[in-house]
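[1] below are the sequence and a predicted model; questions follow.
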Amino acid sequence: MQMFPKQEVVAMLLAGGQGSRLGVLTKKLAKPAVPFGGKYRIIDFPLSNCVNSGIEAVGILTQYQPLILNEYIGNGQPWDLDGMHSGVNCLSPYQAIKGADWYSGTANAIYQNINYIDRYDPDYVVILSGDHIYKMDYNKMLEYHKEKNAACTIAVIDVPLEEASRFGILNTHEDGEIYEFDEKPEHPKSTNASMGIYIFSWKELRKYLTEDEAKEGSSHDFGKDVLPTMLEAGERMFAYPFEGYWKDVGTIDSLWEANMDLLDPNVTLDLKDIYSRNPMMPPHYVSADANIQNSLIADGCNVEGNLEFSILFSGVTVGKGATVNSSIIMPGAVIEEGASVQFAIVAENTVIGKNAKVGQRPEEVDDRDNWGIAVIGENTRIADGAMIKAKEMIDTDTEVAAK
Amino acid sequence: MRSNDVLGFVFADTLDDKIPELAASRTTASVPIGGKYRLIDFVLSNMTNSGINNVGLVAKSNFLSLTDHVGSGSAYDLSKRRSNLTLLTPYGGKTFSNYVETIYNMHGYLDHCREEYVLISQGNIVTNFDYTDLFDFHSKKNADITLIYKTGRVPGGYDRPITVDVDRDGKVSQVFVKPSATDEEVNHVYGSMLVKKSLLMEEIRQALSLNRLDIKRVIQDTVGKYRVYAFENKGYTAAIGSINAYFDFNMDLMKKEVRDELFNPKRPIYTKVRDDAPSRYGLNSSVKNSIIAQGCVIDGSVENCVISKGVYVGEGAMLSNCIVMQDTKIGKDTNLNYVIIDKDVTIKDERSLMGFDSYPIYIAKKSVV
């Protein structure tokens, strides 16, 4: 096997999951490729974090609907990950002499790519997932890992106690050493939620991955199998406390909220040093009829209508007299004259016809529990005058007629 | 004739003496324009979109911002095994005082390029033009030289403009070098032409040996000797040769038909990109009829303006008819009308600056007002 110049750290980014809770938004693309924040895709955040932390070798494990993701990552140039002997690689499942296997779990996905990691002869491997929005210096976490002489370090964030039962909770001694994993506990003992960011010493991880692969009945998952086995074996495992903005964007609500957070001056997340591929479009144009308040607008947009608390991705058109409120409009979508879009996510290249109504305000709905964000899939056409209620989800590539 | 048999040869300093403020620390070609572009982006994008993959860029001085902007040419797809962007600067004590000497001094480069044809172009022209139409025309007419022209009034800044008389077939019957620009409609030649490399070098050598250093005279002399044709660029064209032309072009971007033509998605205009976030509009912002690039924070009022990337407009600021270049900060409660503000400028709170339609004020790069 050809060896490359040594990398102290290799990052492996788990991007193969379907993200089924995002419904139509992930029908044709993997969750990490979902557009975010007016010009990014979710994966720009972990990738930019890697580069900004000095990690130069990144493997992206793809499996579900990889086309858009592969194309987006390309040669890695936008993230400076196009080195001669380093950079980013999309690693899909493959055939080998012994047969072919899909990635059966997160740990198995890494196991199947041991060769990829070994080429760099790294001391440490960082495992990341592609469904969180945050900015983090992985270097600081690595220093902590070294200082603790740990086999595994898991980043944790302090969550409100009432929400703790939604997360994987890590219970630690005072010095940060983990003594117990508590997956979605009914009565949480602490508020240290796992962020799904792991640093392993590669020698140890390699050993446990190989053992786990041979173990019968294992689901080959980090959280369910590898981490508990390591803890049982008495390995030094530590929780690294992270402070700052972090949000899981695995559901429609949380994706919408995280986008809206960008419009909130009190939220600490800024988009500086987050890199992305940039479409070749002119600056956006705002007409004399437009009214824009508290919104984000990317290149190539054409705004003639009213915009409030909304995010327009590149190349979006908002026609005269149209209103967009508290919504996310993805690249190339068109909101025609007089249409109203409220509390909605409109996916790429979808057209909302004249005077159509998409989404509703919470106060417009009789039963508040049934209120939610309306979602329109990509390449869909909502006919002139049609109405889409709150929480409705419209499939991709369809036409919705007016009733 | 195939596009990959044509070498692009672009002059970066065109009319830089006519826009002394904007070109004080840069070439004409690297003057920021249209919110996120530099002038050179248009000609280079037209060339790559037309299939040209080798371009020489001639700059006589002040080319730091130009090299910084075009870099290796990768933004225009001109940095691959089979495509190149080469910056041609003075060397060996030779200066670029006129076109004839400049082209002659580049003979080493020109000889080295394997393309049979040369497309000479100017760095001050804004247009979205498909050069393959020109190549087809040149071949069909079996022309030796094809000049590009534009019918209309000669734009500001062109002293002794070149005009042509053209017959119905497109053949040039006469080339004039007018003593000055007038209000009449003419077929103005702004310095772009297609010619065989060997013919070009032969004429340049002969001109030098006759001590004819005026390129306009050289072009005039080709009529009658060669098959000289002219091809009209019928599309939207702005030739930046004065601060007013610069101002007017930026304001033209408010017109939908101009934007649609210049930024045709089938022939995109490429530029060096910066990782700017989408622009953010504050709660009390008001923006009307304006072009806004990414990375801006707009908290004030903006009307009929072109705002470049990374600009901050403070609360209570009132900007109308302004062109603001990148990373400039405009303080709170300022009032600016008809002002061209170069990059990295700071306008402090409560300042007021007024120019006039025909006389926009210019604020130099990195100034603090």
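    Received the coordinates, thanks.
[2] where is the longest strand in chain A?
    In chain A, assigned by DSSP state E, the strand with the most residues is strand A:192-201.
[3] gap between the residue sitting furthest away from the middle of chain B and A:R361?
    Largest separation from the mean C-alpha position in chain B: B:L283, at 37.3 Å (C-alpha atoms, centre = their mean). From B:L283 across to A:R361, the span is 19 Å (C-beta to C-beta, to the nearest Å). Using the backbone N, CA and C atoms, a C-beta is placed for each residue, glycine as well.
[4] nearest residue to the residue of the stretch 1-150 of chain A found nearest chain B other than its sequence neighbours?
    Chain B sits closest to A:G38 of the stretch 1-150 of chain A, with a gap of 3.4 Å, by C-beta to the nearest C-beta. Counting by C-beta to C-beta, 6 or more residues apart in numbering or on different chains, B:P278 is the residue found nearest to A:G38 once chain neighbours are left out, at 3.4 Å.
[5] residues touching the one you found, list them.
    Applying C-beta atoms under 8 Å, 6 or more residues apart in numbering or on different chains to B:P278 gives the contacts A:G37, A:G38, A:K39, A:L296, A:I297, A:A298, A:D299, A:I311, A:L312, A:F313, B:Q294.
[6] tell me which element A:W102 falls in.
    Following DSSP states H and E, there is no helix or strand that holds A:W102.
[7] now it. Nearest residue, chain neighbours left out?
    Spatial nearest neighbour of A:W102, excluding adjacent residues (C-beta to C-beta, 6+ apart): A:P93 at 5.1 Å.
[8] count of neighbours near the one you found?
    18 (other C-beta atoms under 10 Å in any protein chain shown).
[9] separation between it and A:T210?
    A:P93 is 18 Å from A:T210, where distance means C-beta to C-beta.
[10] okay, the contacts of B:P278 in JSON lines with distance to B:D248 and secondary structure next?
    Compiled in JSON lines, the contacts of B:P278 are given as follows (distance: C-beta to C-beta, whole Å; DSSP: H, G, I helix; E, B strand; the rest coil):
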{"residue": "A:G37", "distance to B:D248": "36", "secondary structure": "coil"}
{"residue": "A:G38", "distance to B:D248": "31", "secondary structure": "coil"}
{"residue": "A:K39", "distance to B:D248": "31", "secondary structure": "coil"}
{"residue": "A:L296", "distance to B:D248": "31", "secondary structure": "strand"}
{"residue": "A:I297", "distance to B:D248": "26", "secondary structure": "strand"}
{"residue": "A:A298", "distance to B:D248": "27", "secondary structure": "coil"}
{"residue": "A:D299", "distance to B:D248": "23", "secondary structure": "coil"}
{"residue": "A:I311", "distance to B:D248": "34", "secondary structure": "strand"}
{"residue": "A:L312", "distance to B:D248": "29", "secondary structure": "strand"}
{"residue": "A:F313", "distance to B:D248": "31", "secondary structure": "coil"}
{"residue": "B:Q294", "distance to B:D248": "24", "secondary structure": "coil"}
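[11] out of the residues you listed, which one sits closest to A:E162?
    Closest approach to A:E162 among the contacts of B:P278 (C-beta to C-beta): A:G37, at 27.6 Å.
[12] correct me if wrong: the closest one contacts A:L296.
    Yes. With contacts counted by C-beta atoms under 8 Å, A:G37 reaches A:L296, the gap being 7.3 Å.
[13] so what sits against both of these two?
    With contacts taken as C-beta under 8 Å, 6+ apart, A:G37 and A:L296 have A:L262, A:I311, B:A277, B:P278 as neighbours in common.
[14] buried subset of those, written for PyMOL?
    Here is the PyMOL command that selects the buried residues among those (16 or more other C-beta atoms under 10 Å in any protein chain shown):
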select buried, (chain A and resi 262+311) or (chain B and resi 277+278)
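[15] returning to that earlier point: mind listing what the residue of the stretch 1-150 of chain A closest to chain B touches?
    Residues in contact with A:G38 (C-beta under 8 Å, 6+ apart) are A:L262, A:L296, A:I297, A:A298, A:I311, A:L312, A:F313, B:A277, B:P278.
[16] which one of the residues you listed is nearest B:G170?
    A:A298 (43.2 Å).
[17] for that closest one, give its distance to chain B.
    The spacing between A:A298 and chain B, counted by C-beta to the nearest C-beta, to the nearest Å, is 4 Å.
[18] pretty sure A:N302 contacts A:T317?
    Yes. A:N302 is in contact with A:T317 according to C-beta under 8 Å; the separation is 4.7 Å.
[19] returning to that earlier point: which residue packs closest to the residue farthest from the centre of chain B, ignoring adjacent ones?
    Distances taken as C-beta to C-beta, 6+ apart put A:N294 closest to B:L283, at 5.0 Å, once the chain neighbours are dropped.
[20] same question, B:S139
    Nearest residue to B:S139, sequence neighbours excluded (C-beta to C-beta, 6+ apart): B:M1, at 4.7 Å.
[21] which stretches of chain B form helices?
    Using DSSP state H, the helices found in chain B span residues B:40-49, B:64-70, B:99-105, B:107-112, B:131-140, B:197-209, B:215-222, B:243-252, B:256-262.
[22] which one of those lies nearest to B:K348?
    Among the helices of chain B, helix B:243-252 comes nearest to B:K348, with 23.9 Å by C-beta to C-beta.
[23] what's the distance between the closest one and the middle of its chain?
    On the basis of C-alpha atoms, centre = their mean, to the nearest Å, the separation between the geometric centre of helix B:243-252 and that of its chain is 13 Å.
[24] point out the other helices and strands that that helix packs with.
    With contacts taken as 3 or more C-beta pairs under 8 Å, 6 or more residues apart in numbering or on different chains; DSSP states H and E, helix B:243-252 sits against strand B:32-33, strand B:237-239, strand B:323-324, strand B:339-341.
[25] can the third one be found next to chain A?
    Meaning strand B:323-324. No. Applying C-beta under 8 Å from any C-beta of the partner chain, one finds strand B:323-324 out of contact with chain A, separated by at least 11.7 Å.
[26] can you tell me what sits against that strand?
    For strand B:323-324, the external contacting residues (C-beta under 8 Å, 6+ apart) are B:246-247, B:250, B:305-308, B:311, B:330, B:339-341, B:360.
[27] now for the residues you listed: which two are most distant?
    B:Y246 and B:I330 (19.6 Å).
[28] and the residue sitting nearest the centre point of chain A, what is it in contact with?
    By C-alpha atoms, centre = their mean, chain A has its centre lying nearest to A:D131, at 2.4 Å. For A:D131, the contacting residues are A:G17, A:G19, A:K31, A:P32, A:I42, A:D248, A:V249, A:G250, by C-beta under 8 Å, 6+ apart.
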